[in-house]
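Undergrad: here are the coordinates; sequence isn't available:
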Ligand SMILES: [Fe+2]
C-alpha cells in the first residue's frame, strides 16, 4: 500500500483535522440541517444598516443570524456617503473583530484599498488589477499562527460594469466534498496538503515557504485555506489529494445554485468567516475619482455570533 494511503487511513481513524460535529458518525445529521438553514439564509443575506458606528440590537441580531447560518452576511448602509474607514472599523469591531491583519499593501489602519494600482508593489497582485480572481480564501499563504479567520470587503465605489463577487460557505463546500468521498475531506485535512513556496519576488525574508491543510478547525469552528491558482501552489504528491482537489474544484466551478452572487454597490459590504470567494473582471472608469474602490480588512479572529446566545 502506498504511504499516502496509509496516512489517510490513519487520519480517517482519528479524524483529527475535523471538528467533532462534522465527523463521520455525526455528519448526516449535521448536514441535512445545515444545508436547509443555509439554503434559506442565502435567499435573504442583506441587512440594512442605519448607522455603522452604532448598530441597533435588531441589526446585530440580523447580521449574527446570517453569519451563524452561512458564515457571512452582506450589510447595506442607508447613507453610503457617510461611511469612512473609521465607520468600517467601528462596524467590524461590533462584530467581534479587532484591528485588521496588515500586509505589504495595507494602510496604517490595516485596511487595504483594492483598486487598480500600477505601482511596482501593487501590480504583482491580481486584486489591484481589473482582472478576474479565481476561487480562494484570503491569506491562504499565511502560517497557521496567522490564520485569517474573517474578512470584510466594503464597496466605496463599484466599477462601471461587472466586478461581481461569488461566495460560498466553506462548511457547505466541506459537506459537498465529504458526500463525494469521506477520504477527500480527510486527505485535505493533512498538515502538509498544500505548500506555498517562499515569496522570493517580494524580496528575501518577506515570506518563507508555508505548508498546511485545506481544512482545519479551531475548537468547533471549521476553517478553510485554498486557492485555485495553478502557479505557486504545491499540492501533496498523493493520489487521493489529487482526486480531492479535482473534486473540490469541480464543486466550486458548478456551485452556482449554492453560491451567493452579488455585485457590491456603494455602501455595501461583505463580512464573512473567510469563506471561498471569487471575483469577475471589470471595466473601470478612466477618472480616478470614479474608479472602483473596495476596502478590504482581514482578521485573525472569527466573527462572533454571541449576540444570539
Ligand atoms: Fe480575496
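TA: Now that the structure is in, tell me what you want to look at. A quick note: this is a predicted structure, and the numbers were derived from the prediction, not measured.
Undergrad: only C-alpha atoms for contact and neighbour calcs from this point on.
TA: Will do.
Undergrad: List the contacts of stretch 169-185.
TA: The contact list for stretch 169-185 (CA atoms under 8 Å, 6 or more residues apart in numbering) reads 8, 12, 24, 31, 34-35, 70-72, 215, 222-224, 240-241, 243-244, 247-248, 251-252, 259, 275-276.
Undergrad: remind me which residues of this structure are low pLDDT?
TA: Scanning the chain for pLDDT under 70 picks out the ranges 1-18, 200-206, 306-309.
Undergrad: domains for it, by residue range?
TA: 1-41+169-258, 44-136+146-165+261-309 (automatic domain parsing).
Undergrad: want to throw those domains into a markdown table with mean neighbour count?
TA: Formatted as a markdown table, the domains of the chain follow (neighbours: other CA atoms under 10 Å):
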| stretch | mean neighbour count |
| --- | --- |
| domain 1-41+169-258 | 17 |
| domain 44-136+146-165+261-309 | 19 |
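Undergrad: Now do the same contact list for residue 233.
TA: Residues in contact with residue 233 (CA under 8 Å, 6+ apart) are 194, 195, 196, 197, 227.
Undergrad: hey, where'd the strands end up in the stretch 151-300 of the chain?
TA: With strands called from DSSP state E, counting those that start in this stretch, the stretch 151-300 of the chain shows them at 161-162, 165-167, 194-196, 210-212, 215-218, 221-224, 234-235, 260-262, 268-272, 277-279, 282-283, 293-299.
Undergrad: State the paired neighbours of the fourth one in the sheet, together with their directions.
TA: Spelled out, that is strand 210-212. strand 194-196 (antiparallel) (DSSP bridges).
Undergrad: quick one: residue 109 and residue 103 touch, right?
TA: No. Residue 109 is beyond contact range of residue 103, at 10.8 Å (criterion: CA atoms under 8 Å).
Undergrad: Just read off the phi/psi values of the residue nearest to residue 129 when sequence neighbours are not counted.
TA: Nearest residue to residue 129, sequence neighbours excluded (CA to CA, 6 or more residues apart in numbering): residue 116, at 4.6 Å. When read as degrees, to the nearest 10, the backbone of residue 116 gives phi -60, psi 120.
Undergrad: Who are the contact partners of residue 116?
TA: Counting by CA under 8 Å, 6+ apart, residue 116 touches 127, 128, 129, 130, 292.
Undergrad: hang on, the first one in a helix?
TA: Yes. According to DSSP: H, G, I helix; E, B strand; the rest coil, the state of residue 127 is that of a helix.
Undergrad: Sort out for me which of the contacts of stretch 169-185 are in helices.
TA: Counting by DSSP state H, the part of the contacts of stretch 169-185 found in helices is 8, 12, 24, 31, 34-35, 70, 240-241, 243-244, 247-248, 251-252.
Undergrad: Relative to residue 164, which of those residues is nearest.
TA: Using CA to CA, residue 252 comes nearest to residue 164 of the ones in helices among the contacts of stretch 169-185, at 15.9 Å.
Undergrad: Next, find the distance separating the closest one from residue 91.
TA: 30 Å (CA to CA, to the nearest Å).
Undergrad: and if you look at residue 188?
TA: Separation of residue 188 from residue 91 (CA to CA): 34 Å.
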